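> Need coordinates for the below:
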Amino acid sequence: FTNGLVLDRQIDNILTTKGIKTFNISLNAINASEYERFTGYKEKIFKRVIENTKKLCKAKKESGSDMEISATILVDKMNYKSMEEQIHFAHEIGLDHIILSHFMPWCTEGMTAEERCLFEDNKEAMTHLESLYSKEFPIAVTFPTIFDGKKDNALCKDNVLSMSIDGDGNISGCERKMLN
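So this is what the prediction gives:
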């Protein structure tokens, strides 16, 4: 996983390192305002991440590499209706796979699961999501997890299952927490 900010410095290494089959970029959003809403970072950073992602996808294609390049985009109550647009955006910039990930709840106001996450009892969201399941898309799509309201699955388990290191060398159990 990478947030893509300094990706352009490592493209050759990424494509030539043996054993890397999948490379994932945390895009988080498809436009600057959504990116800022999720990460707190301004348009300049968003544009750099998108340009670096495009550079990697182009270099991959030119090299003939069979590495899969995927990206994660966050989905919550405020943007779930744009999932189809998110999928097409991912295809346009050259990605092989898009992971539409549920918003990871946090314990502060405005960031709780109840305020931001999609739950099974949200009929409008469920109907919208079900309408997308049957569509064919030009790239692989992983749809977001929908919460059932049980507390045991309402929080991200990445904190205990993975380790992320950002461009400054900061270490965390979850790359999304490092953004804030």
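> Show me what the residue nearest to the spatial centre of the chain bridges to in the sheet.
By CA atoms, centre = their mean, the chain has its centre lying nearest to residue 72, at 1.7 Å. For residue 72, the beta-bridge partners under DSSP bridges are residue 26, residue 99.
> What separation do you get for it and residue 123?
26 Å (CB to CB, to the nearest Å). The C-beta positions use only the backbone N, C-alpha and C, and glycine is treated the same way.
> Same check on residue 65?
Counting by CB to CB, the gap from residue 65 to residue 123 is 43 Å.
> Quick one: residues contacting the residue nearest to the centre of the chain.
For residue 72, the contact set (CB atoms under 8 Å, 6 or more residues apart in numbering) comprises 1, 24-28, 98-101.
> closest to residue 18 among those?
residue 24 (18.1 Å; CB to CB).
> Report all helices and strands that the one helix or strand the closest one maps to contacts.
Taking DSSP states H and E as the criterion, residue 24 maps to strand 22-28. Strand 22-28 is packed against helix 32-39, helix 43-63, strand 68-75, with contacts defined by 3 or more CB pairs under 8 Å, 6 or more residues apart in numbering; DSSP states H and E.
> Could you list the buried residues of that strand?
23-28 (16 or more other CB atoms under 10 Å).
> Surely residue 111 is in contact with residue 105?
Yes. With contact defined as CB atoms under 8 Å, residue 111 counts as touching residue 105 (6.4 Å).
> who's more crowded, the two?
Legend: neighbour count by other CB atoms under 10 Å for residue 111 and residue 105, higher for residue 105 (18 against 15).
> burial count for residue 19?
Count around residue 19 with other CB under 10 Å applied: 4.
> Check what pLDDT it gets.
Residue 19 is assigned 84 on the pLDDT scale.
> ok, residue 13 - how many residues close by?
Neighbour tally, residue 13, other CB under 10 Å: 9.
> Need the three-state assignment for it.
Following DSSP: H, G, I helix; E, B strand; the rest coil, residue 13 is assigned to helix.
> Start at 846, not 1
Okay, residue one is now 846; in that scheme the one you just asked about reads as residue 858.
> any idea how far it lies from residue 963?
Counting by CB to CB, the gap from residue 858 to residue 963 is 37 Å.
> Next, the contact list for residue 924, please.
874, 879.
> repeat that with 10 Å
874-876, 879, 882-883, 918, 930-931, 945, 948 (CB atoms under 10 Å, 6 or more residues apart in numbering).
> go on, residue 907?
residue 860.
> how near is it to residue 876?
27 Å.
> Ok, residue 898 next?
Residue 898 sits at a distance of 14 Å from residue 876 (criterion: CB to CB).
> What of residue 988?
Distance, residue 988 to residue 876, by CB to CB: 20 Å.
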